[in-house]
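> The sequence and its predicted three-dimensional model are supplied below.
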Amino acid sequence: MDAKFWHQKWERNEIGFHRSTVNPLLINHFNALNLAKNSRIFLPLCGKTLDIGWFLANNYRVVGVELSEMAIRQLFINLGIEPHVTENQGMWHYQAENIDIFVGNLFDLTAGMLDSVDAIYDRAALVALPKAMRTQYSAHLITITHVAPQLLICFEYDQALLEGPPFSISATEIKQHYAANYELQLLESVDVAGGLKEICPAKENVWLLKQHRH
Ligand SMILES: C[S@@+](CC[C@H](N)C(=O)[O-])C[C@H]1O[C@@H](n2cnc3c(N)ncnc32)[C@H](O)[C@@H]1O
């Protein structure tokens with residue numbers, strides 16, 4: 001899944017991952033992070049998700065990163081916000097009140113560019129990446145956010161039945177990526193109605209990742 005793959009998806013409007021409503025799992029479980037209003041939430045691989053509008057409407061600040069500039073233009077149109085666009089270390093930085101979106105590769109985003117975040121919301125980010133990249137992704141996320149707590153939503157299904165993305169992520173794999181830095185709690189596991197891509201029985205798992213107490 002290189003950059004070209006995702007740019008083509010956006011250009012061809014093959015964006016089955018994009019939900020037409022705010023994710024109910026976000027609404028039901030975001031409180032588990034126990035964050036104060038005005039907290040800054042990082043959405044890696046954010047696309048044009050409506051969840052961003054939900055965060056803003058609920059008085060949180062948002063920072064995202066996304067490869068596709070087409071997606072981010074659509075995001076701001078949908079939000080009805082006119083962004084101020086600048087260049088920052090080779091990435092376009094779309095900015096408005098309470099929102100910063102970097103257009104570029106997550107792996108080029110530094111802790112300095114990201115600035116401080118209070119939590120990570122990973123919906124369809126970890127699952128979007130092939131196995132080798134997921135190890136790199138989780139390590140990079142930990143580094144640039146200084147182990148910010150996470151709400152992580154993952155699919156789990158028989159990978160032999162369907163090619164990713166989205167990929168299946170087992171509890172064992174989540175532990176491999178995150179157990180050294182976080183306490184992991186499975187908040188909910190729900191059946192994907194009608195199956196994943198309408199063919200494959202799958203679960204959608206909601207994980208809470210909190211820093212170990214020292
Ligand atoms: C499966 S979609 C999920 C989008 C969004 N989180 C949502 O829930 O609708 C994955 C997104 O990640 C973007 N993407 C993939 N690899 C990326 C990378 N290395 N850096 C930044 N964005 C990336 C793709 O363009 C795509 O929009």
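Yep, that arrived. Numbering: from 1, shown residues only.
> Could you report the separation of the residue nearest the centre of the chain from the ligand?
In the chain, the C-alpha nearest the mean C-alpha coordinate belongs to Asp122, at 3.2 Å (C-alpha atoms, centre = their mean). Relative to the ligand, Asp122 is positioned 8 Å away (C-beta to the nearest ligand atom, to the nearest Å). No exception for glycine: its C-beta is placed from N, CA and C like everyone else's.
> cool, Glu188 as well?
Counting by C-beta to the nearest ligand atom, the gap from Glu188 to the ligand is 17 Å.
> ok, back up a step: which element is the spatially closest residue to the residue nearest to the centre of the chain that is not a sequence neighbour on?
The shortest distance from Asp122 to any non-neighbouring residue, by C-beta to C-beta, 6 or more residues apart in numbering, is to Leu152 (4.6 Å). Leu152 is part of strand 150-156 when elements are defined by DSSP states H and E.
> what mean pLDDT does that strand have?
If you average the pLDDT over strand 150-156, you get 98.
> what residues does it touch?
With contact meaning C-beta atoms under 8 Å, 6 or more residues apart in numbering, strand 150-156 is reached by 23, 25-26, 29-30, 32-33, 119-124, 126-127, 141, 166-171, 174, 178, 182, 189, 192, 196, 202-209.
> Just the ones in helices from those residues, please.
Using DSSP state H, the subset of the contacts of strand 150-156 located in helices is 25-26, 29, 141, 171, 174, 178.
> Let's see the ChimeraX selection covering just the buried ones among these.
Per 16 or more other C-beta atoms under 10 Å, the buried members of these correspond to this ChimeraX selection:
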select :25,26,29,141,174,178
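> interface residues of this protein facing the ligand?
Among all residues of the chain, those adjacent to the ligand (criterion: C-beta under 6 Å from any ligand atom) are 6, 17-18, 45-47, 49, 65-68, 71, 105-107, 123-125, 128.
> Go through those and flag which are in helices.
6, 71.
> Are any of the residues of the chain next to the ligand buried, and if so which?
Buried members of those, counted by 16+ other C-beta under 10 Å: 6, 45-47, 49, 65-68, 71, 106, 123-125, 128.
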